[in-house]
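> Give me a 3D structure for the following:
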Amino acid sequence: MTYFAGQAGKEDSSVLQAAIGLAEQIRAASDEIETGHRIPQSIAAAMKEAGQEAVARTAMDAHRLLTFEGYSLDLANERLLHEGEVVALTPKAFAVLRRLVEDGGQLVTKKELLRAGWADTHVTDGVLRVSILEIRRTLGDDPAAPRFIETVSRRGYRFIAPRTRSALVVPTAPPRGALVGREHVLAQLEDRLEHARRGERQVVFVSGEAGIGKTSVLEAFLARVAGDPDLSIASGACLEHYGAAEAYFPVLEALGRLVREPAGERVVRLLESHAPTWLVQLPWLEHSGDREAVHHKLLGVTKERMLREMAEALEALTAKTPLVLVLEDLHWSDYSTLDLLGMLARRQEAARLLVVGSYRPTDVIVASHPLRALIQELRVRRQCEDIALQFLSEADVAGYLAQRFGEPAFPPELAAAVHRRTDGNALFMVRLADELVTLGLLVEQQGHWRIAKPLDEIGGALPESLRELIDKQIARLEPAVQRVLEVAGVLGNQFTAGAVAAGLGEDPVAVEERCDSLSRQGQLVVPAALTVLTNGMPVAQYCFTHNLYPQVLSARVPAARRLRLHQRIGNWLEQTYG
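You can find the predicted model right below:
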């Protein structure tokens with residue numbers, strides 16, 4: 001394997017010297033460390049900073065290729081490949097070619113190319129012309145009739161060949177079947193992207209309960225569009241937190257990934273000129289010599305300035321290249337991120353920008369998260385679109401089973417049983433399929449899958465991972481609400497507030513209020529058809545949103561308590577219905 005040492009080699013050398021100096025400090029402090037004393041704060045800070053920079057530099061180009069007409073730029077190893085074979089190219093010429101290919105179709109000035117290849121050295125334009133000549137000879141490119149590099153007189157050069165983006169990474173495990181039942185949603189996202197390509201900014205939310213497949217949809221959408229070299233993609237996700245969340249956390253994560261993509265240097269330059277306050281949030285991108293000056297300059301920066309800067313930076317970034325910005329799990333979002341989303345949606349300036357955010361409506365309602373108000377306001381103004389994912393149909397489940405197991409001849413009763421058990425929740429469906437294999441209900445013999453046990457056993461299958469997921473949902477609720485749900489689970493998939501109140505020995509009105517609150521929020525239960533007592537009085541009924549819930553809830557009730565509940569509820573039923 002051939003490696004080239006160019007600009008990166010000089011940087012690595014300086015990092016190595018810094019690491020040696022840091023090692024000397026650590027060695028000098030070794031006695032204190034070994035005796036249990038804390039590492040000096042200066043050393044700890046230096047270790048953290050050096051580690052961040054090293055990780056960022058290592059991840060910057062890993063496993064990425066830019067391909068054009070039989071040639072590929074291996075960004076990880078700084079090699080030019082032709083049909084898989086290494087082509088000799090000097091490090092400076094590689095740096096120049098990389099910069100031209102990354103900004104394909106756009107003018108790259110001589111100054112920018114000199115910065116790409118000779119950032120820390122003063123050289124003349126003649127040195128650049130030598131590298132361009134080397135590249136043209138290597139590619140067999142005629143300057144009079146160029147196929148790859150076009151000269152823009154007195155200004156610079158432009159790469160004119162079509163490019164594609166690919167990766168060296170091979171998936172470690174085969175997918176468990178393609179995405180099913182979501183073609184309409186993917187078509188909607190692709191349509192929004194086409195509008196964004198025309199300069200019409202788009203903000204789209206994808207909503208649905210936990211496990212319904214929001215992440216799978218977004219991954220499938222990004223996989224479809226990722227091969228376009230003229231499209232930038234940045235993604236970040238919010239994290240569940242138990243205190244104050246870091247401002248702009250998913251946006252900063254997305255920016256960090258974006259600058260590691262091909263043409264990442266262009267993003268950094270735009271941040272330097274349009275959003276310096278954001279660049280400070282990514283300290284491993286700052287030049288060490290400028291860091292103190294930049295931090296001093298930005299003392300007292302306001303939130304409003306940060307919002308304005310990022311809005312203008314994204315407009316500048318998407319002036320020529322469309323950007324897809326994906327922000328997942330916005331139900332856990334910090335409020336600053338929501339302010340930025342609102343500003344991006346409301347601005348009237350043209351931008352080739354598609355923002356896609358995912359969230360769980362139930363979590364938003366329960367936590368009284370301001371995301372709900374933001375989406376409602378944007379929808380009224382027609383400044384966003386909210387795509388609610390629906391449960392998969394029985395036909396979708398059949399399609400998934402056929403794709404995963406390669407057995408289209410499975411009887412339709414299998415898909416019906418899986419659908420009935422999971423209610424079409426995508427995650428539940430996948431985990432249940434895993435469980436059917438583990439239980440030996442589905443077995444592989446001589447390369448073919450078959451049903452080895454009665455389908456009735458599917459009704460009792462409950463993967464431990466799903467039990468834990470449902471338990472986590474229940475644990476977020478107040479203890480009084482948990483007790484109501486546990487008694488309801490003992491009663492089965494459908495129940496009345498009166499029966500639950502009888503089991504608990506509590507006021508029926510109070511129990512009904514709790515059930516109404518849960519159903520309004522879409523938490524675990526929904527209203528069912530009214531039932532009428534023998535005296536003509538209507539009684540409200542409820543049912544669980546998934547038939548897995550009663551099984552998990554009833555399992556939380558000890559056997560002795562379950563027996564007492566049955567006795568109380570039996571007495572109430574006898575008194576109520578005679």
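> Flag the helix or strand of this protein with the lowest per-element mean pLDDT.
None of the helices or strands of the chain scores lower by mean pLDDT, DSSP states H and E than helix 30-34, at a mean of 38.
> residues in contact with the closest residue to E309 other than its chain neighbours?
Leaving aside its sequence neighbours, E309 sits nearest to A275 (Cβ to Cβ, 6 or more residues apart in numbering; 3.9 Å). All C-beta spots, glycine's among them, are computed from the backbone N, C-alpha and C. For A275, the contacting residues are 306, 309-310, 312-313, by Cβ atoms under 8 Å, 6 or more residues apart in numbering.
> Could you rerun that using 6 Å?
Counting by Cβ atoms under 6 Å, 6 or more residues apart in numbering, A275 makes contact with 309-310, 313.
> give me the low-pLDDT residue ranges for this structure?
Residue ranges of the chain with pLDDT under 70: 1-64, 165-178, 243, 262, 284-300, 407-408, 578.
> quick one, what contacts R201?
351, 353.
> related to what we said a few turns ago, just name the closest of the contacts of A275 to Q473, please.
Nearest to Q473 out of the contacts of A275 is M310 (Cβ to Cβ; 34.3 Å).
> Alpha carbons only: can I get the one helix or strand the closest one maps to in PDB?
Per DSSP states H and E: M310 is located in helix 303-317. These are the backbone C-alpha positions of helix 303-317, laid out as PDB (Å, rounded to 0.1, in the frame of the first residue of the first chain):
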ATOM      1  CA  LYS A 303     -27.800  34.500  21.400                       C
ATOM      2  CA  GLU A 304     -29.500  36.600  18.700                       C
ATOM      3  CA  ARG A 305     -26.100  37.100  17.000                       C
ATOM      4  CA  MET A 306     -25.500  33.300  16.900                       C
ATOM      5  CA  LEU A 307     -28.900  32.700  15.300                       C
ATOM      6  CA  ARG A 308     -28.300  35.400  12.700                       C
ATOM      7  CA  GLU A 309     -24.800  34.100  11.900                       C
ATOM      8  CA  MET A 310     -25.900  30.500  11.400                       C
ATOM      9  CA  ALA A 311     -28.800  31.500   9.200                       C
ATOM     10  CA  GLU A 312     -26.600  33.600   7.000                       C
ATOM     11  CA  ALA A 313     -23.800  31.000   7.000                       C
ATOM     12  CA  LEU A 314     -26.300  28.300   5.800                       C
ATOM     13  CA  GLU A 315     -27.500  30.600   3.100                       C
ATOM     14  CA  ALA A 316     -24.000  31.200   1.900                       C
ATOM     15  CA  LEU A 317     -23.100  27.500   2.100                       C
END
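> What lies in contact with that helix?
Contacts for helix 303-317 (Cβ under 6 Å, 6+ apart): 270, 274-275, 277-278, 340, 343, 347, 349, 351, 353.
> now swap in stretch 227-237 and tell me
163-165, 225, 250, 253-254, 257-258, 321-329.
> which residues of the stretch 151-300 of the chain fall in strands?
Listed in chain order, the strands of the stretch 151-300 of the chain (DSSP state E, counting those that start in this stretch) span 156-159, 164-167, 202-207, 232-237.
> how about the ones you listed in JSON lines, adding distance to D191 and mean neighbour count?
Output for the strands of the stretch 151-300 of the chain, formatted as JSON lines (distance: least, Cβ to Cβ, whole Å; neighbours: other Cβ atoms under 10 Å):
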{"stretch": "strand 156-159", "distance to D191": "30", "mean neighbour count": "21"}
{"stretch": "strand 164-167", "distance to D191": "22", "mean neighbour count": "14"}
{"stretch": "strand 202-207", "distance to D191": "9", "mean neighbour count": "23"}
{"stretch": "strand 232-237", "distance to D191": "18", "mean neighbour count": "20"}
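> Distance to Q521 added to the ones you listed, as a markdown table?
Formatted as a markdown table, those follow (distance: least, Cβ to Cβ, whole Å):
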| stretch | distance to Q521 |
| --- | --- |
| strand 156-159 | 54 |
| strand 164-167 | 42 |
| strand 202-207 | 14 |
| strand 232-237 | 24 |
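> Indicate which one of those is closest to D516.
strand 202-207 (22.6 Å).
> Send me that closest one as PDB with only the CA atoms.
Presented in PDB, the C-alpha positions along strand 202-207 are these (Å, rounded to 0.1, in the frame of the first residue of the first chain):
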ATOM      1  CA  GLN A 202     -37.800  23.400   3.200                       C
ATOM      2  CA  VAL A 203     -38.400  22.300   6.800                       C
ATOM      3  CA  VAL A 204     -39.900  18.900   7.200                       C
ATOM      4  CA  PHE A 205     -40.700  17.000  10.400                       C
ATOM      5  CA  VAL A 206     -41.100  13.200  10.500                       C
ATOM      6  CA  SER A 207     -43.200  12.100  13.500                       C
END
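> and the closest residue to V557 other than its chain neighbours, how many residues sit next to it?
With sequence-adjacent residues excluded and distances taken as Cβ to Cβ, 6+ apart, V557 is closest to E486, at 5.2 Å. Using other Cβ atoms under 10 Å, the number of residues around E486 comes to 23.
> A388 touches E209, doesn't it?
No: with contacts counted by Cβ atoms under 6 Å, A388 stays clear of E209, the gap being 9.9 Å.
> which of the two has more neighbours?
Ranked by neighbour count (other Cβ under 10 Å), A388 and E209 place E209 first, with 21 against 12.
> Look up how far T545 lies from the more buried one.
Using Cβ to Cβ, to the nearest Å, E209 is found at 8 Å from T545.
> cool, and R467?
Look at R467 and T545: by Cβ to Cβ, they are 16 Å apart.
> May I see the domains of this protein written out as residue ranges?
Segmentation of the chain into domains, based on automatic domain parsing, reads 7-59, 64-166, 183-388, 394-461, 466-577.
> ok now the second one, how far from the chain's centre?
Mean-position distance between domain 64-166 and its chain equals 33 Å (Cα atoms, centre = their mean, to the nearest Å).
> ok, now the last one?
Its chain's average C-alpha position is 36 Å from that of domain 466-577, according to Cα atoms, centre = their mean.
> Between the two ends of that domain, what distance do you get?
37 Å (Cα to Cα, to the nearest Å).
> Residues in a beta bridge with A388, which ones?
Counting by DSSP bridges, A388 forms beta bridges with S207.
> how close does it sit to L469?
Distance, A388 to L469, using Cβ to Cβ: 21 Å.
> pretty sure R352 contacts A196?
Yes: contact status for R352 versus A196: in contact at 5.5 Å, counting by Cβ under 6 Å.
> So for these two, which residues contact both of them?
Residues touching both R352 and A196 (Cβ under 6 Å, 6+ apart) are P322.
> Of the two, which one has the most company?
Between R352 and A196, counted using other Cβ under 10 Å, the more crowded position is R352 (26 against 23).
> Torsion angles phi and psi at the more buried one?
Here is the backbone geometry of R352 (degrees, to the nearest 10): phi -80, psi 70.
> check contacts around it.
Shown in contact with R352 (Cβ under 6 Å, 6+ apart): 196-197, 199, 318, 322.
> P463: which of those residues is nearest?
Proximity of those to P463 (Cβ to Cβ) peaks at A196, which lies at 39.3 Å.
> do you know how far that closest one is from L392?
From A196 across to L392, the span is 28 Å (Cβ to Cβ).
> picking up where we left off before, what subset of the contacts of R352 is buried?
Neighbour counting by 16 or more other Cβ atoms under 10 Å classes 196-197, 318, 322 among the contacts of R352 as buried.
> Just the ones of those residues in helices?
In this view, these that belong to helices under DSSP state H are 196-197.
> Tell me, how many residues neighbour H184?
Residues within reach of H184, counting by other Cβ under 10 Å, total 9.
> can you check V152 too?
Neighbours of V152 (other Cβ under 10 Å): 12.
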